[in-house]
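Participant: next come a sequence and a model predicted from it.
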Number of protein chains: 2
Amino acid sequence: MNVNYTELIKKIKGSSVPKPLSGTLSGHAAGEPFDKHVYNEIKKQLPKNTFRQYEYLNDLYSKNAKTIGFEARQALFNSPTVLFLLSRGKNATDKWSVENPFDEKQNDTADILVVKDNFYEIIDIKTRNLSKSAQAPNIISAYKLAQVCAKMLDNGAGDDSQFDNFTINYFEIDWELEKEKLICKDAHFVNLFKCNPDNLYINWAAAMQLQFHVCDLDQEFKGNMEDWAKAYLKHFVTQAKKRANDMIAKFVKPFEKYIN
Amino acid sequence: MNVNYTELIKKIKGSSVPKPLSGTLSGHAAGEPFDKHVYNEIKKQLPKNTFRQYEYLNDLYSKNAKTIGFEARQALFNSPTVLFLLSRGKNATDKWSVENPFDEKQNDTADILVVKDNFYEIIDIKTRNLSKSAQAPNIISAYKLAQVCAKMLDNGAGDDSQFDNFTINYFEIDWELEKEKLICKDAHFVNLFKCNPDNLYINWAAAMQLQFHVCDLDQEFKGNMEDWAKAYLKHFVTQAKKRANDMIAKFVKPFEKYIN
């Protein structure tokens, strides 16, 4: 990894951002200024390597302006896994041009992307209002992550490139409102591929999202990325089977007596 | 039904509300002023019978101030189905007092409640920005509705009271922004129990919500409430089985090869 998170936490902890003007301090809106703040601090560490996801795509396609169309642009990524995580859909990619670049998109995988020496560091920022006990936030689609793991295993056989060229990190900012400012009281960093996948909670009814507070995620997994991908897929399949069984028990059995 | 919806649509169509101050015109915030507008118009029709859901509960418990505690207050409802749809949880109901009444809650079933002659008319307001092609909104939890239908069938045997003492209606307002005002261009009314249940779409990954645009819902069901409850439960069970099978096909089968 290229970002120095210990340094980042030092810079962010105790810092403050103006309270957003738009009324409520609910999740997304309140966090946004901190997201920008973290982006600026990472950019200070790695000025040439720090991007928003859409900025990176615009940069990549601009530098290869002669490469036109979805498939040719897909080929600009040196990893099918990173391609899957970062690229936009066929239609949007076909339409891209220097005059018609991508804009920010709410469900992009990365809030921040650090690309250096062919290594992709995907960073997602989670902000948390300490004065509310909120439920764990959406992290990433459990299904999307299963597809990522399958792609890693499909493409990594024989060499290590698919396992060593990207990672997914989460950065949490715990803030409180004080005198019209949001003050960062604490900050936490975790690497998704260092947690024990068996502990990951999948909320099937909430768009199959993994949900956790970054500060609560263990970092106990001892294997490499290949081990993690296999362990995660095992967990995902077990949980999907369990959910299918639970659905029969909860949504079918109790109602069968009414329908004959 | 006690509300005259033909009259209501006449009053609402062409009317306008001020544009909400808080920035974006996204779903919930933009709709709110229209929700109040509809409430006021229904209250003109039925001044003594029109409530917000929390107002009705406050009114009912205040009029029966000697009835204290969850179970006794539950018994104030003359229908287990209406009770299930409208009452709050045990803890909140135990704590209720004239000094500590209920406040509005976002996931209450009814936006507006019209209660007359022991008949409960539950009304949910959906607002729609005509300049955006939005996906169909969340209507009600398909599971909650299955529980409602089961309760109707459990309690309705031998007399018709459970089938005839409530209904659920949806009212859609289609608006456009014109010169800092939201103008209602069209309005639509449907009764949930008059649609063909087989056409209802359940979004299992979105909190199992039924989703439809009010203006698109058919009103073709010819049977009574008992028939509807049975037909809905048949549809719900079929769909739950299908979803469980789909989960195995989509989330288990493709990944099994990686985990052995």
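Facilitator: Yep, it's here.
Participant: model confidence score at A:Cys195, please.
Facilitator: With respect to pLDDT, A:Cys195 has a value of 98.
Participant: quick check on it: phi, psi?
Facilitator: phi -90, psi 160 (degrees, to the nearest 10).
Participant: ok, the one 10 residues further on next?
Facilitator: According to degrees, to the nearest 10, the main-chain angles of A:Ala205 amount to phi -80, psi -10.
Participant: looking at the stretch 101-250 of chain A, which residue is nearest chain B?
Facilitator: Nearest to chain B, among the residues of the stretch 101-250 of chain A, is A:Ala240, at 3.8 Å (C-beta to the nearest C-beta). For every residue, glycine as well, the C-beta is placed using N, CA and C.
Participant: how close does the nearest residue in space to A:Glu104 that is not next to it in sequence get to A:Phe102?
Facilitator: Nearest non-adjacent residue to A:Glu104, counting by C-beta to C-beta, 6 or more residues apart in numbering or on different chains: A:Tyr54, 5.4 Å away. As for A:Tyr54, its distance to A:Phe102 is 4 Å (criterion: C-beta to C-beta, to the nearest Å).
Participant: and A:Ile123, how many neighbours?
Facilitator: 23 (other C-beta atoms under 10 Å in any protein chain shown).
Participant: give the next helix or strand downstream of the helix or strand containing it.
Facilitator: Using DSSP states H and E, A:Ile123 sits in strand A:119-129. The helix or strand immediately downstream of strand A:119-129 is strand A:138-141, counting by DSSP H and E.
Participant: that next one pairs with which strands, parallel or anti?
Facilitator: strand A:209-211 (antiparallel) (DSSP bridges).
Participant: and the partner strand, average pLDDT?
Facilitator: On average, strand A:209-211 scores 97.
Participant: for the strand holding A:Ile123, packing partners?
Facilitator: helix A:27-45, helix A:80-86, strand A:112-116, strand A:138-141, strand A:166-178 (3 or more C-beta pairs under 8 Å, 6 or more residues apart in numbering or on different chains; DSSP states H and E).
Participant: B:Lys19: which of those is closest?
Facilitator: helix A:27-45 (18.5 Å; C-beta to C-beta).
Participant: tell me the angle of the closest one relative to strand A:166-178?
Facilitator: In terms of direction (axes from the mean of the first three to the mean of the last three C-alpha atoms, to 10 degrees), helix A:27-45 departs from strand A:166-178 by 120 degrees.
Participant: what angle separates helix A:27-45 from strand A:112-116?
Facilitator: Interaxial angle of helix A:27-45 relative to strand A:112-116 (the same axes, to 10 degrees): 20 degrees.
Participant: and chain B, is helix A:27-45 touching that?
Facilitator: No. Judged by C-beta under 8 Å from any C-beta of the partner chain, helix A:27-45 makes no contact with chain B; its nearest approach is 9.0 Å.
Participant: can you spell out which helices and strands pack onto that helix?
Facilitator: helix A:5-12, strand A:16-18, strand A:50-51, strand A:112-116, strand A:119-129, strand A:166-178, strand A:181-191.
Participant: which positions within the longest one qualify as buried?
Facilitator: Right, strand A:166-178. Within strand A:166-178, the residues scored as buried using 16 or more other C-beta atoms under 10 Å in any protein chain shown are A:166-175.
Participant: let's have those residues in CSV, adding distance to A:Ser87 and pLDDT.
Facilitator: Listed next are the buried residues of strand A:166-178 as CSV, based on distance: C-beta to C-beta, whole Å; pLDDT from 0 to 100:
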residue, distance to A:Ser87, pLDDT
A:Phe166, 13, 92
A:Thr167, 18, 95
A:Ile168, 16, 96
A:Asn169, 20, 97
A:Tyr170, 21, 97
A:Phe171, 23, 96
A:Glu172, 27, 96
A:Ile173, 28, 95
A:Asp174, 33, 94
A:Trp175, 33, 93
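Participant: tell me which two of these sit farthest apart.
Facilitator: Largest pairwise distance in the buried residues of strand A:166-178, by C-beta to C-beta, is 28.9 Å, between A:Phe166 and A:Trp175.
Participant: hmm, back to that, report the rounded mean pLDDT for the strand holding A:Ile123.
Facilitator: Taken as a whole, strand A:119-129 has an average pLDDT of 93.
Participant: check the closest residue to A:Tyr39 other than its chain neighbours and give its pLDDT.
Facilitator: Nearest non-adjacent residue to A:Tyr39, counting by C-beta to C-beta, 6+ apart: A:Ile112, 5.4 Å away. Model confidence at A:Ile112, given as pLDDT, is 94.
Participant: show me what A:Ile112 is bridged to.
Facilitator: Here A:Ile112, judged by DSSP bridges, has bridge partners A:Ile123.
Participant: chain center to stretch A:228-247, what's the gap?
Facilitator: 20 Å (C-alpha atoms, centre = their mean, to the nearest Å).
Participant: what does it contact?
Facilitator: For stretch A:228-247, contacts defined as C-beta atoms under 8 Å, 6 or more residues apart in numbering or on different chains pick out A:142-143, A:145-146, A:148-150, A:152-153, A:163, A:193, A:196-198, A:200, A:202, A:204, A:221, A:223, B:240, B:243-245, B:247-248, B:251-252, B:255-256, B:258-259.
Participant: PyMOL command for the buried members of these?
Facilitator: PyMOL command restricting the contacts of stretch A:228-247 to the buried ones, with burial defined by 16+ other C-beta under 10 Å:
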select buried, (chain A and resi 142+143+145+146+148+149+150+152+153+163+193+196+197+200+202+204+221) or (chain B and resi 240+243+244+247+251+252+255+258)
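Participant: A:Tyr39 contacts A:Phe51, correct?
Facilitator: No. Using C-beta atoms under 8 Å, A:Tyr39 is not in contact with A:Phe51; the gap is 9.2 Å.
Participant: shared neighbours, those two?
Facilitator: A:Ile112.
Participant: of the two, which one has the most company?
Facilitator: Neighbours per residue (other C-beta under 10 Å) separate A:Tyr39 from A:Phe51, with A:Phe51 holding more: 21 against 17.
Participant: look up how far A:Leu217 lies from the closest residue to A:Ile140 other than its chain neighbours.
Facilitator: Distance criterion C-beta to C-beta, 6+ apart; nearest residue to A:Ile140, sequence neighbours excluded, is A:Leu210 at 5.6 Å. Using C-beta to C-beta, A:Leu210 is found at 10 Å from A:Leu217.
Participant: over to A:Asp227?
Facilitator: Taken as C-beta to C-beta, the span from A:Asp227 to A:Leu217 is 18 Å.
Participant: excluding covalently adjacent residues, which one is nearest to A:Asp103?
Facilitator: Excluding the flanking residues, the one nearest A:Asp103 by C-beta to C-beta, 6+ apart is A:Tyr54, at 6.1 Å.
Participant: list the contacts for the one you found?
Facilitator: A:101-105, A:108.
Participant: same check, this time on A:Met225
Facilitator: Here A:Met225 is in contact with A:152, A:163-164, A:193 (C-beta under 8 Å, 6+ apart).
Participant: 10 Å instead?
Facilitator: Neighbour list for A:Met225: A:81, A:149, A:152-153, A:156, A:160, A:162-167, A:193 [criterion: C-beta atoms under 10 Å, 6 or more residues apart in numbering or on different chains].
Participant: before we move on, what about A:Ala92?
Facilitator: Applying C-beta under 10 Å, 6+ apart to A:Ala92 gives the contacts A:57, A:70, A:100, A:102, A:105.
Participant: burial measure for the last one, as a count.
Facilitator: It refers to A:Lys105. Neighbours of A:Lys105 (other C-beta under 10 Å): 11.
Participant: residues of the stretch 51-200 of chain A that sit close to chain B?
Facilitator: A:141-143, A:146-147, A:149-150, A:152-154 (C-beta under 10 Å from any C-beta of the partner chain).
Participant: with pLDDT, distance to B:Asn118 and secondary structure added, can I get those in a markdown table?
Facilitator: Rendered in a markdown table, the data for those read as follows (pLDDT from 0 to 100; distance: C-beta to C-beta, whole Å; DSSP: H, G, I helix; E, B strand; the rest coil):
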| residue | pLDDT | distance to B:Asn118 | secondary structure |
| --- | --- | --- | --- |
| A:Ser141 | 95 | 47 | strand |
| A:Ala142 | 98 | 47 | helix |
| A:Tyr143 | 97 | 48 | helix |
| A:Ala146 | 97 | 52 | helix |
| A:Gln147 | 96 | 54 | helix |
| A:Cys149 | 95 | 57 | helix |
| A:Ala150 | 95 | 58 | helix |
| A:Met152 | 91 | 62 | helix |
| A:Leu153 | 92 | 63 | helix |
| A:Asp154 | 89 | 64 | helix |
